[in-house]
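Chemist: Here's a sequence, model it:
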Amino acid sequence: MEIIRVNEMLAVMEMKGADGLPIPWSGRFIELNLKAGTGGKRISVKNVVLLGGGQSKSNYRNPNHYQNFTRNFRSINNQEIRKFHPLLMETFNDMRVVL
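Modeler: Got it, this is the predicted structure:
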């Protein structure tokens with residue numbers, strides 16, 4: 001299995017195709033919710049795209065993704081939006097993720 005570093009993985013996740021749309025990816029990560037104190041479950045996703053940029057344009061709530069080192073992704077299939085911690089990614093596009 002090939003290896004990819006977290007910073008390289010994030011760069012690939014942020015890439016856009018010739019049409020300007022995000023390129024879908026797949027992977028597996030460990031779920032974690034620091035506020036609820038839960039997690040540990042392995043989650044596999046396919047055909048998802050990274051959402052947003054570095055800064056929230058919302059006046060209501062800023063998720064501080066870069067400060068909290070979290071990102072949101074959206075499933076191409078069912079439009080579900082979820083949050084994940086890039087440091088807890090185990091695989092990305094069939095590559096093992098390392099720090």
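Chemist: from here on, contacts and neighbour counts on C-alpha atoms
Modeler: Noted.
Chemist: what's the least confident helix or strand in the chain, going by average pLDDT?
Modeler: Among the helical and strand segments of the chain, the one scoring lowest on mean pLDDT, DSSP states H and E is helix 65-68, with a mean of 58.
Chemist: where in this protein is pLDDT low?
Modeler: 53-68 (pLDDT under 70).
Chemist: Are there helices or strands packed against the longest strand along it, and which ones?
Modeler: Using DSSP state E, we find that the single longest strand of the chain is strand 38-50. Packing partners of strand 38-50 (3 or more C-alpha pairs under 8 Å, 6 or more residues apart in numbering; DSSP states H and E): strand 25-33, strand 71-75.
Chemist: Of all the ones you listed, which one comes closest to V49?
Modeler: strand 71-75 (5.4 Å; C-alpha to C-alpha).
Chemist: What is the closest one packed up against?
Modeler: strand 38-50, strand 81-84.
Chemist: buried set for the first one?
Modeler: Residues of strand 38-50 classed as buried: V48, V49, L50 (neighbour count, 16 or more other C-alpha atoms under 10 Å).
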